[in-house]
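1. Predicted coordinates and the sequence they were generated for:
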Amino acid sequence: MSRRSRRRTLAVTAGTVVAVGLTAGGVALATGALGSDGDPPADASAGTAPPATAQVTRRTLVDEDSTDGSLGYGDTTALANHRQGTVTWVPEEGRVLSRGQALWRVDTLPTVLMYGTVPLYRTLSTGVTDGADVRQLERNLRALGYTGFTVDKEFTSATAAAVKDWQDDVGLPETGSVDADQVLFAPGPVRVDDAKLAVGAAASPGPALDVTATTRIVTVDLDVSDQRLAKAGAAVQVELPGGQRVPGRITSVGKVAHAQEDEQGNVTGATIDVVVTLDAKAVAKAAGAIDRAPVTVYFTAEERKDVLTVPVSALLALSEGGYGVQVVSGGTTKIVAVETGLFADGDVEVSGAGIAEGTKVGVPAS
């Protein structure tokens, strides 16, 4: 699937405007079409009426780019088992596990999920030196409803008593100490992506589960040439496989470019990683339980609010330089010079004397 950005807006060059204005519009402009003071003539001949007209409109003009993305749960993280024995239970793929729940069971004994960023690198028990890992364990015990101790860096007898109560409740031997056989710390809830253990198989230290975050995100390999589109915190729209759009927000933009190669190994370009977080409720409603799927991400490159616009085909290249439009009023027409702004979605922002909302301008026949 191509990751290259698909441009949806119309970027018009001067040469293109000349072709549109002179050929498609059927309007021939001669030197001197504008007066010496820069104002348009009061009247162009009555016989030069355009084949069709359009109105000057006031609206918000949005320059929007789109590129391919992938809907999923992001990168996987491997969780390791430290217990030996026989695997007696593993969770099914797609299940979400939270604090206090078993990640898997060996000889019916659970390895329990708790929240934190410090790995359980040592056995925690009465008499161990103070540490952040002790406080992390105590915070989890408190969150699970166990009390009678102070949440700090010290593992006291009161902490050991709370550990025994917890062990009794989850079906572990009541030792008052905690090691990596019993607890695994993760930053938050996890979603099971793949189980490396099978019920009935012999368990040994090694990979047990591949897990992901619990919310779906969109990842984009964005061309480096389009990195202006991706700003952390910016709002985007994501088109799901069914065609429905849901809101999203850019949460991270990579700073390292990755080379893209063709089948022969030739470098064809470079991309950066962009992550978009979606509105969870909107995605659940629109996409159901879809796990992995291609999507289209729409970035807003530029926006002009409350501006006057005309179809790009209304522009005429003036021999004096710049652009104009053919204003139609009653049975007469005149050429009015305009300043152009944003080009987007087949329209262009314009301003100038004699240009107002509702003004009729000449355009080619459809």
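-> Ah, there it is.
2. Quick check: closest non-adjacent residue to Gln237.
-> Tyr298 (4.3 Å; C-beta to C-beta, 6 or more residues apart in numbering). For every residue, glycine as well, the C-beta is placed using N, CA and C.
3. Would you agree that neighbour is in contact with Ala235?
-> No: at 10.0 Å, Tyr298 does not count as touching Ala235 under the criterion of C-beta atoms under 8 Å.
4. In the stretch 1-150 of the chain, where is pLDDT below threshold?
-> 1-47 (pLDDT under 70).
5. coming back round to it: Tyr298 and Ala235: which has the busier surroundings?
-> Tyr298 (18 against 11; other C-beta atoms under 10 Å).
6. Remind me which helix or strand that one belongs to.
-> Per DSSP states H and E: Tyr298 is located in strand 293-311.
7. List the buried residues in that strand.
-> Going by neighbour count (16 or more other C-beta atoms under 10 Å), the buried part of strand 293-311 is 295-299, 301-302, 304, 307-311.
8. And the furthest pair within these?
-> Farthest apart among the buried residues of strand 293-311 by C-beta to C-beta are Val295 and Leu308. That separation is 34.5 Å.
9. any idea how far Val297 is from the residue nearest to Gly188 when sequence neighbours are not counted?
-> Excluding its sequence neighbours, the residue lying closest to Gly188 (C-beta to C-beta, 6+ apart) is Tyr115, at 5.9 Å. Applying C-beta to C-beta, to the nearest Å, the value for Tyr115 to Val297 is 31 Å.
10. Name all residues that make contact with the spatially most central residue of the chain.
-> Note on the chain: the residue nearest the mean C-alpha position is Val276, at 2.1 Å, using C-alpha atoms, centre = their mean. For Val276, the contact set (C-beta atoms under 8 Å, 6 or more residues apart in numbering) comprises 69, 217-220, 236, 238, 248-251, 297.
11. same check, this time on Asp75
-> Thr212.
12. Just confirm it is within a strand.
-> No: remark: Asp75 does not belong to a strand; assigned using DSSP: H, G, I helix; E, B strand; the rest coil, it is coil.
13. The residue nearest to Gln237 and Pro189, how far apart?
-> 30 Å.
14. again, but for Val338
-> In terms of C-beta to C-beta, Val338 sits 57 Å off from Pro189.
15. Looking at those two, which one has more neighbours?
-> Using other C-beta under 10 Å, the more surrounded residue of Val338 and Pro189 is Val338, with 27 against 16.
16. From Asp306, how far out is that one?
-> Taken as C-beta to C-beta, the span from Val338 to Asp306 is 17 Å.
17. what do you get for Thr57?
-> Thr57 is 11 Å from Asp306, by C-beta to C-beta.
18. picking up where we left off before, list the helices and strands the strand holding Tyr298 packs on?
-> Packing partners of strand 293-311 (3 or more C-beta pairs under 8 Å, 6 or more residues apart in numbering; DSSP states H and E): strand 57-72, strand 217-223, strand 235-239, strand 332-344, strand 347-351.
19. taking the mean pLDDT, what do you get for it?
-> The average pLDDT within strand 293-311 is 92.
20. just the CA coordinates of it, formatted as PDB?
-> Extracted in PDB, the C-alpha atoms of strand 293-311 (Å, rounded to 0.1, in the frame of the first residue of the first chain):
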ATOM      1  CA  ALA A 293      -7.300  -1.900   8.800                       C
ATOM      2  CA  PRO A 294      -6.100   0.700   6.300                       C
ATOM      3  CA  VAL A 295      -7.400   4.200   6.700                       C
ATOM      4  CA  THR A 296      -7.000   7.600   5.200                       C
ATOM      5  CA  VAL A 297      -5.900  10.600   7.300                       C
ATOM      6  CA  TYR A 298      -6.900  14.100   6.400                       C
ATOM      7  CA  PHE A 299      -4.500  16.900   7.500                       C
ATOM      8  CA  THR A 300      -5.500  20.500   7.500                       C
ATOM      9  CA  ALA A 301      -2.500  22.300   5.800                       C
ATOM     10  CA  GLU A 302      -4.000  25.800   5.900                       C
ATOM     11  CA  GLU A 303      -7.400  27.400   6.700                       C
ATOM     12  CA  ARG A 304      -8.900  30.800   5.800                       C
ATOM     13  CA  LYS A 305     -12.000  31.700   7.700                       C
ATOM     14  CA  ASP A 306     -14.700  34.000   6.300                       C
ATOM     15  CA  VAL A 307     -13.100  34.900   3.000                       C
ATOM     16  CA  LEU A 308     -14.500  35.600  -0.500                       C
ATOM     17  CA  THR A 309     -14.000  32.800  -3.000                       C
ATOM     18  CA  VAL A 310     -14.600  32.100  -6.700                       C
ATOM     19  CA  PRO A 311     -14.000  29.000  -8.700                       C
END
